[in-house]
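# Coordinates for the following, if possible.
(chains A and B)
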Amino acid sequence: GAGVSQTPSNKVTEKGKYVELRCDPISGHTALYWYRQSLGQGPEFLIYFQGTGAADDSGLPNDRFFAVRPEGSVSTLKIQRTERGDSAVYLCASSSGSPGTGELFFGEGSRLTVL
Amino acid sequence: DAKTTQPTSMDCAEGRAANLPCNHSTISGNEYVYWYRQIHSQGPQYIIHGLKNNETNEMASLIITEDRKSSTLILPHATLRDTAVYYCIVYDSWGKLQFGAGTQVVVTP
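Numbers count the residues shown, from 1 in each chain, chains lettered A, B, ... in the order given. You can find the predicted model right below:
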């Protein structure tokens, strides 16, 4: 498909476990974003990549959260020692990265439930 | 700090125009106004953006006041499929978009 793809769409895990969430951006998009959305709230920024490097990781809540984008395309959000409060929909978005563009293309999200 | 203020919710009759207000009184000269919407269980979708001038595309129109302290998103003929949360965002062209709580719009038959 031509859109942003996120896998898995649903993930149920137990408290304390490690989780990886994957994002395939639109081909050619250099900018990639991760957001987290809790029920009834707007998306909360986590981290932004320009190419392979994290340009802004100020939204990562603590050091249990980490994200990589080793080849400047696919990105993985990694959560260690999951807690019940990590339960949310994790959204990925990509954009062309052209200066000034705020037009992001979002995936459908990965719903994480920590029991 | 919230840069925009939107009503929590609003209803609109199908076929009528929906006018969604947004206040951004602290907007600075290089900041754009962006609108996104999020239909239930989907990711946010870009609608439109503007700096000073009014803008129109196939989805909506954006009216920005002359002092740029507020704007209105207009859905000209609302349909049931337009039921969604609508987010007004002030963006300075660098880095991240920051979403607020948005306006829940319900279009009724």
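
# From here on, just use CA atoms for contacts and neighbour counts.
OK.

# who in chain B is up against chain A?
Counting by Cα under 8 Å from any Cα of the partner chain, chain B comes close to chain A at B:34, B:41-46, B:91-102.

# Among these, name the buried ones.
Buried members of these, counted by 16 or more other Cα atoms under 10 Å in any protein chain shown: B:34, B:43-46, B:91-92, B:95-102.

# Can the lowest-mean-pLDDT helix or strand in chain A be said to contact chain B?
The weakest-scoring helix or strand in chain A, judged by mean pLDDT, DSSP states H and E, is strand A:53-56 (a mean of 91). Yes: in terms of Cα under 8 Å from any Cα, part of strand A:53-56 sits within range of chain B, namely A:A55, A:D56.

# so what does that strand touch, helix or strand wise?
With contacts taken as 3 or more Cα pairs under 8 Å, 6 or more residues apart in numbering or on different chains; DSSP states H and E, strand A:53-56 sits against strand A:44-50.

# Contacts (any at all) between chain B and the strand it packs on?
Yes: interface with chain B: strand A:44-50 contributes A:E44, A:F45, A:Y48 (Cα under 8 Å from any Cα).

# residue contacts, the second one?
Taking Cα atoms under 8 Å, 6 or more residues apart in numbering or on different chains as the criterion, A:F45 is in contact with A:Y33, A:W34, A:Y35, A:R36, A:G59, A:L60, B:K96, B:L97, B:Q98.

# element containing the residue lying closest to A:S94 once chain neighbours are set aside, please.
The shortest distance from A:S94 to any non-neighbouring residue, by Cα to Cα, 6 or more residues apart in numbering or on different chains, is to A:L32 (4.3 Å). Assigned by DSSP states H and E, A:L32 falls within strand A:31-37.

# looking only at pLDDT, what's the mean for that strand?
Averaging pLDDT along strand A:31-37 yields 96.

# Taking strand A:44-50 as reference, get the angle to it.
170 degrees (axes from the mean of the first three to the mean of the last three Cα atoms, to 10 degrees).

# Show residues contacting strand A:31-37.
By Cα under 8 Å, 6+ apart, strand A:31-37 touches A:25, A:43-51, A:75, A:77, A:88-97, B:96.
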